[in-house]
Every structure is written in structure tokens, then in C-alpha cells.
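[1] This is a predicted model, with the sequence first.
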Amino acid sequence: MNFGPKTLLRTLTTAAVVAMTSIPCSADIVDQKARTAPDWLREGVVYEVFPRAFSAKGDFNGITAKLDELKDIGVTILWIMPIQPIGEKLRKGTLGSPYAIRDYYGINPEFGTADDLKRLVSEAHKRQIKVILDIVANHTAWDSVMIQTPEFYKQKDGKIIPPVPEWTDVAGLNYENPGLRKYMIEMLKSWVNPAGFNLDGFRCDVAHMVPVDFWEQARVELDKVKPDIMMLAEASKPELLLKAFDIDYSWPFHGTLNNVLLNGAPATELRRSWEESRRQFPQGSLHLRISDNHDEARAVARFGIKGALAASAMMFCLDGVPLLYNGMEAGDATESGDPALFEKMPVFWHSKERPPLREIYRNLSAMRRDHPAFRNDRVIWLKNSDEANLVTFMRLDDKEEFVVAVNLSNRPIVGWVEVMHDQEFKHLKISGMPDSVPGAFPLFRLNGFEWRIYHRTVGK
């Protein structure tokens, strides 16, 4: 997008973000069931890649070259940020935002050719990695090939306008025009067509700013072309998950995480945010769990390396689907958001004095893969001895139970968690993380931002 790219989200306080994105939901929506997501999504690990920043050359081939490394850490879904040509008129920065698209059907020549993209998708599929494309349906660049059809755009006093005043490098699209709807649906179909690029779905930028009925209309048509796709809404709007989207962003929870780690809010706010979403969304709703993304400063910069890892580990252990943003596995602290969206700022892959992050993420991904309890929506929040700083919850199914304890303060905590069958739980070793004291549970000692997972087999 344009201002990082969520101007409103980035300029408001964390509290305001939570209030803005946590949209009240009517009782009839809560009583309905969410659209059933594909198993491969529910069981997946999403990796967001910014082609410009991911490799030295910043192209498709640079991504293809690292597919084995991504598979090694457990990535199953590759989300590629927008790949189309970037507008030049009113562009921001030297290179412009990838969210200011000039031609929805085109490919930015800086990234390579159509054949390079097809090879990337094909090679990913050989490794059982799905590939989704970031689609920007709310607006285009001012020099878009569509601008010669002004009725496709929002207007005021006869002039095309941006969707938000601060997003000066883009023009807002008008979904009251049926011709625009047809154009956009045909475009979306072209990217997932198995005879073409054979992509596996879309991450839809600011999906809440596009009418829900358009997304529902588009989903019906897309399912005819390729039924087993995924649709990710960059939004927190309950009705989007009824018919159109399989998963959305857990923006309210992410805003609360920032509030806890940056502003000193009590850790109990995370449980409150999680429970509030349960009360607002359709039954079985699936959320993308994020601690780092391209819209703001890297988590390492916001939380410190230990805090960033603790936050990310919690995303892997909660219900939903975890997200890794390119470079997290290296502890990259290169600037993100503004100005990184508009300039060439490659990931720094060899950061010093980092924990063995790649090894840790490999183990967390394997944990999710090997233990179905982490892939369902059953979360039980557990009482502990220091609820202002310590988060404790259980993940479970009919065969196993796991207790997750995360210290969200920078100080050591000696404490306890209240759980049945406490003597049966054993520390689950995550390679790269410290061992625990044998036999201590439900008592434990966690250093600043340390986290631990305990396991028991039900019935034994």
C-alpha cells in the first residue's frame, strides 16, 4: 500500500487500533458457522516474502533458490507480496509501493518474467508448499491502465480521489460499478487458473474496505476455476468469514500484544482480547496469528530479540495459523513499513548475537505438524501466580494436553500454573531453547521473555 501500508493502523495509538479493528458483531453472525477452511491452510505455516527485500537481486529466482530452506523450517504456504508493475505517477520514495499497482495482469520486470513466476510456483508445489499472491483490490496507481475508465473509480466533484486522503499515491476503486466487478473477478481467476500461473489463493489487502458482497461474488467464481484455494482477508470483520474468506488477520490480538509488550498493559489483556474475538466472530473462525509483518517496525526492533521470539512462539502455540515474515528466522532488524516499502532495503541474513532462531522455528513447526492439538481451536486459559506478566494456556485434544507458559516481562519469574494432573506433565524440549529443571512442574522459573511448553498423554 502507501503509508506503510496501513496509514490509519500505524498512526493511531495501540488502544485505538484495537478499538478500530475489533468490530462489533451482530448475534446472527456469531450464531452462524464460518466458512470451512482447507485442511492444508488450517494445518499450515504461512511465510510472507517481499521479493524486493528477500534476496540481493530481489527477484523470483531469489525466492526459488531458498525454497528448500523455507521447507526446512516448516513453511507450507508462501505469501508473495504484490508482484505487478508499480505506478510512477505520485509514487512514494525511489521505487514506489508495491501496493500502488499499474496493471493487475502484469508482472514487475524487476522480479523477472512470467516463466520465472511459473517456475517458482511449480518448484514450490514440488515441495508441498502452496503459493498465494497479495492482491490489492481497493485501489490502483494513478497511472493504472484502468484510469482511462474513470467510472471504475471513486470520485468527488468530478475528480478521482484516493481511498484515504493520506494515501496520495493511489486512486480508490468504485465497486458500485458492475463493470469494475467483472474486470476484477476475471483478473483474480486468471492468477489461480491451473492452466496459467496455478496460484493457490490470495492475501487480500485492506479487505474490509471492499464490499463484502463483492468478495462473496468473487469467491463463487473462483471456486469454479480452482476449488481448493485459500482467501486471506487483511481485516478483522466477522462477516467476511461467512462465505468469502477462509481466514483473516488477528489484528485486535496483535494490537493487544503491542500494548502489553510496549506500553506495559497487563498480560491478562491478551486473554480478554482472545475471548472478545470469540464472542464476535462466526463459530470456527480462523485467524492469522501475527507478531511481525511488513506494516510496522520489525518485532526485533519493537520487542527486542528475546521478546520477539516469545511473541512468535505464542503465535505458534495459539489457535489459528502462524505467520513468519521474511527474515524472522535470521532475527533481521532491517527497517520495515515506511520507508522499506518504497526503497531497496534487503533482509540482513547474518545478524550477530541471535538465538538459533531457524532451529527453534523448525521445532515449533514440527510440533504443530506432529501434534493435532495445536491445530484445533481448543484453548483453555489457565490461572497462574503472576497474571500481570505471565501467560499460561492449554492446547488439547482427546489424546494429548500441552501447557504453554510465556513470560512477557524482562524479569525472571518464579511461579506456578494451576492445572489438573500437574505431576503428569513433562517439559517438551524445543531444540535451541534451555532445558527446564526436571520434576518441578507446576512450579517453574522463567527468565525474562522465556517460554516453555509442557506435555502429557491423556489417560496415562
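    Thanks, I have the structure now.

[2] Let me see the contact set for Asn326.
    Residues near Asn326 by C-beta atoms under 8 Å, 6 or more residues apart in numbering: 47-50, 53-54, 332, 347. Where C-beta positions appear, they are placed from N, C-alpha and C, glycine not excepted.

[3] for Tyr454, same thing?
    When contacts are counted by C-beta under 8 Å, 6+ apart, Tyr454 touches 402-405, 425-428, 441.

[4] For the stretch 201-350 of the chain, which segments count as helices?
    Assigned by DSSP state H, counting those that start in this stretch, the stretch 201-350 of the chain shows helices spanning 212-225, 240-243, 251-263, 268-280, 299-317.

[5] other SSEs contacting the second one?
    The one in question is helix 240-243. When contacts are defined as 3 or more C-beta pairs under 8 Å, 6 or more residues apart in numbering; DSSP states H and E, helix 240-243 packs onto helix 212-225, strand 247-249.

[6] what's the shortest one packed up against?
    This points to strand 247-249. Strand 247-249 packs on strand 230-233, helix 240-243, strand 287-289, going by 3+ C-beta pairs under 8 Å, 6+ apart.

[7] Dump the helices and strands packed on helix 240-243 into CSV; add mean pLDDT and distance to His139 as well.
    Converted to CSV, those look like this (pLDDT from 0 to 100; distance: least, C-beta to C-beta, whole Å):
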stretch, mean pLDDT, distance to His139
helix 212-225, 98, 14
strand 247-249, 98, 18
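
[8] quick one, which of these is nearest to Gly58?
    Proximity to Gly58, assessed across the helices and strands packed on helix 240-243 by C-beta to C-beta, is greatest for strand 247-249 (25.6 Å).

[9] Parallel or antiparallel, which strands does the closest one pair with?
    strand 230-233 (parallel), strand 287-289 (parallel) (DSSP bridges).

[10] With mean neighbour count and distance to Lys71 as extra columns, can I get these in JSON lines?
    Shown next, in JSON lines, are these (neighbours: other C-beta atoms under 10 Å; distance: least, C-beta to C-beta, whole Å):
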{"stretch": "strand 230-233", "mean neighbour count": "26", "distance to Lys71": "18"}
{"stretch": "strand 287-289", "mean neighbour count": "23", "distance to Lys71": "20"}
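
[11] circling back: list only buried entries from the contacts of Tyr454.
    Buried members of the contacts of Tyr454, counted by 16 or more other C-beta atoms under 10 Å: 402-405, 425, 427-428, 441.

[12] What helices and strands are in contact with the host helix or strand of Val121?
    Per DSSP states H and E: Val121 is located in helix 114-126. Contact analysis of helix 114-126 by 3+ C-beta pairs under 8 Å, 6+ apart lists helix 60-64, helix 67-72, strand 130-135 as its packing neighbours.

[13] Off-centre distance for the first one?
    Its chain's C-alpha centre lies 21 Å from the corresponding centre of helix 60-64 when counted by C-alpha atoms, centre = their mean, to the nearest Å.

[14] Show the average pLDDT along that helix.
    Averaged over helix 60-64, pLDDT sits at 98.
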